[in-house]
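> just to be clear, the model below is a prediction. Sequence and coordinates:
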Amino acid sequence: MFSIKSPVFRGLKTLQNIRARGFSCGALSLSAVSLQGRSCLTLKDFSSDEIKRLLWVSGDLKQRIKHENQYLPLLQGKSIAMIFEKRSTRTRMSTETGFALLGGHPCFLTSQDIHLGVNESCKDTARVLSGLCDIVLARVYTHSTLEELDKEASIPIINGLSDLYHPIQILADFLTLQEHYGSLNGLTVSWIGDGNNVLHSFMMTAAKLGVHLRIATPKGYEPEGSVIQEAQRLSKQHGTQLVLTSDPMEAAHGSNVLVTDTWVSMGQEEEKKKRLKDFHGYQITMQTGSVASPDWTFLHCLPRKMEEVDDKVFYSSRSLVFPEAENRKWTIMGLMVSLLTNYTPQIPMLKF
């Protein structure tokens, strides 16, 4: 017989409670997924079930806190160090307000407060912060900075953005699409723009959710070769389609979701004139949407410039950009709760 304090008994009790709430077998599978203590540098490191679990927790927190007005101090007594080498409206506001809403204490650190690898090494910074807070979110120029922080820290590290990946943006994007379409499996997402960090994160995630991906980038602006190889492997493994082209209309053909991003990221200002010329014809307009699926929608991680998407699309009923921006808050909250606690969602599992 099992002791009532044994992990096996507690696990059986958890399953009984989940069944009592009417959850499906799929929910039982996802309920067994634990991410506590993990870092999140890239969604490449997360399985299909782990990503679904993150979205489920995020949807649960949104339902309970926003729609049911519940107070959930799940992170009471905990603190987060937010390191920002690059400014951001959405990343700062979503993380800072989200962590506080869950009862925790956020600490915002700019390059005026902390200068990674200059005033103090990343190694030493990681060890110091490990003794002062419970989790770190770092928005950095170079992905290797995150890898060094993660190697030396004894607490979870979250990638708030790097030159290679932007995982917390993609979690918000897929929660937004799940809410709008009711499920994700079988959707086609078309990326029309630069082969950048946001696209890399789409490529590491889409196939795991059964989403087809069609990518149009100008010649010379393709995604990283290693990311393409991994995305091709994932597409084959999960039975999805991956198309790479330089023709925006080809990428948009039959698509449910049209996505773009800035053509000139922070640190690329000197390339602006050349980039604007090279991306000519890549602006998303209603003409682009004319070849997409009748139910097509539009996403943009913001901030947006007119050359990337015109007003007619951006402010239309097809645009999901503002719900997408709001979901940055619920998904970073879901991620932080998942990495710091063993919280189990109370709502039925989302349909994927």
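That came in fine, so what should we check first?

> kindly list the main-chain dihedrals of the closest residue to Val211 other than its chain neighbours?
Spatially, and ignoring its direct neighbours in sequence, Val211 is nearest to Leu187 (5.1 Å; Cβ to Cβ, 6 or more residues apart in numbering). Glycine gets a C-beta too; all of them are placed from N, C-alpha and C. Per-residue torsions, Leu187: phi -70, psi 150 (degrees, to the nearest 10).

> Leu175 and Pro303: what is the separation?
Relative to Pro303, Leu175 is positioned 20 Å away (Cβ to Cβ, to the nearest Å).

> more crowded one of those two?
Shown here are Leu175 and Pro303; by other Cβ atoms under 10 Å, Leu175 has more neighbours (26 against 11).

> residues of the longest helix belonging to the chain that come out buried?
Ranked by residue count, the top helix of the chain under DSSP state H comes out as helix 321-340. Within helix 321-340, the residues scored as buried using 16 or more other Cβ atoms under 10 Å are 321, 324-340.

> by contact count, what packs against that helix?
helix 48-61, helix 89-101, strand 135-139, strand 157-161, helix 167-181, strand 297-300 (3 or more Cβ pairs under 8 Å, 6 or more residues apart in numbering; DSSP states H and E).

> for the record, mean pLDDT for that helix?
Averaged across helix 321-340, the pLDDT comes to 98.

> same check on stretch 121-129?
On average, stretch 121-129 scores 95.

> output it as CSV - backbone C-alpha positions only.
Presented in CSV, the C-alpha positions along stretch 121-129 are these (Å, rounded to 0.1, in the frame of the first residue of the first chain):
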residue,chain,number,x,y,z
SER,A,121,30.6,39.3,-15.6
CYS,A,122,27.5,37.4,-16.6
LYS,A,123,28.8,34.5,-14.5
ASP,A,124,28.9,36.6,-11.3
THR,A,125,25.7,38.4,-12.1
ALA,A,126,23.9,35.0,-12.5
ARG,A,127,25.2,33.8,-9.2
VAL,A,128,24.4,37.0,-7.3
LEU,A,129,20.8,37.2,-8.7
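
> which residues touch that stretch?
Residues outside stretch 121-129 that contact it (Cβ atoms under 8 Å, 6 or more residues apart in numbering): 81, 114, 116, 120, 136, 145, 148-155, 157.

> now the helices for the chain?
Using DSSP H, helices in the chain cover 7-20, 25-31, 48-61, 89-101, 122-132, 143-152, 167-181, 197-203, 225-238, 248-252, 272-278, 286-289, 311-314, 321-340.
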